[in-house]
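Colleague: Here's my sequence, what's the structure:
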Amino acid sequence: MTVVAKPAGTIDSLVTDSSMALGVDTHAHLHFPQFQGQVEEVIQRANDSGIGRIINVGTSSEDSRRAVQFASRYQALSASVGIHPYEAVEAPQAIEYLSDLANERSVVAIGECGLDFAKSEATPAEQEQALRLQLELAQAKKLPVIFHVRDAFDHFWKVVSDYPSIKAVVHSFTGGRAELGRVLQRGWMVGLNGIMTFTKEPEQQAMAKEVPLTSLLLETDCPFLSPHPHRGKRNEPSRVVDIAEFLAELRGESPEDLLKNTGDNARRLFKL
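Modeller: The predicted structure follows:
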């Protein structure tokens, strides 16, 4: 049975000061132009909603520079630096610059990186090379990885099997039970976002119910993927609360506990 998302803003007990804002948006892009001139108010809304930390994720060398710049400017932000599969061709030339960026205090992860055989114009070989370079960087820096995987899990597992020590989250996870099992077997985290509130695939919601609470992270992927009832609007970190409410109802858990426990998971993975 598909669960329908309920109206936003029902976690009344999360009226917070900053010391009580325990939720974490583990995947955001607040340096994107959609937030120009509004970053401070977006962060304040997140904090007021119970979201105290936001991981600002880079997608190319230049984009990662901006992600770090914003994380250095705003206390609520940490950064991740990486090369998205769409930008894979730049990896051989950019990896040294990315390595330098990864030394910044605000950087807590490598990514987003991975394989995308659905939309990327880069060849599978180019994407694999970019992924391996970033996995080697993550190992050298002892940082976790934020993975993007789309229509490429079979190839992905072959690559990551060469890097057994990597800690990671598979962001925007929509895989089935087999993929979930392999993610959990590696001790990785599963990132769920607004897709769960509007998916027309019951098996995706069934999968979301099966993710152990200790392995679950919440994310917005803002400015994209606004959850119901905000479809068609710019997404932002405060809407982690909408996602938490929906998943809590789906899983039979307390929204407050879900938000706090997923925040604890993020603090553990990213050493926040």
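Colleague: Beyond the helix or strand hosting E62, next helix or strand please.
Modeller: Counting by DSSP states H and E, the element that carries E62 is helix 61-73. Elements were assigned by DSSP H and E; along the chain past helix 61-73, the next helix or strand is strand 77-81.
Colleague: hey, where'd the strands end up in the stretch 1-150 of the chain?
Modeller: Secondary structure of the stretch 1-150 of the chain (DSSP state E, counting those that start in this stretch): strands at 23-28, 51-57, 77-81, 107-116, 145-150.
Colleague: Mean neighbour count, those: which tops it?
Modeller: Greatest average neighbour count among those goes to strand 23-28 (a mean of 30), per mean count of other CB atoms under 10 Å. For the C-beta atoms, the positions are set from N, CA and C on the backbone; glycine is no exception.
Colleague: what angle sits between it and strand 145-150?
Modeller: If you take axes from the mean of the first three to the mean of the last three CA atoms, to 10 degrees, strand 23-28 sits at 60 degrees to strand 145-150.
Colleague: which residue sits closest to V81 in space, ignoring its chain neighbours?
Modeller: S64 (3.8 Å; CB to CB, 6 or more residues apart in numbering).
Colleague: Let me fix that, I meant to ask about G114.
Modeller: Nearest one to G114, counting by CB to CB, 6+ apart, is H148 at 4.0 Å.
Colleague: State the pLDDT value of that neighbour.
Modeller: Here the pLDDT value assigned to H148 is 98.
Colleague: In contact with it: list those residues for me.
Modeller: Contacts of H148 were listed using CB atoms under 8 Å, 6 or more residues apart in numbering, and they are 84-85, 111-116, 171-172.
Colleague: List the contacts of the helix or strand hosting A178.
Modeller: Using DSSP H and E, A178 sits in helix 177-185. Helix 177-185 is contacted from outside by 153, 157, 170, 173, 175, 189-190, 207, 210-212, 215, using CB under 8 Å, 6+ apart.
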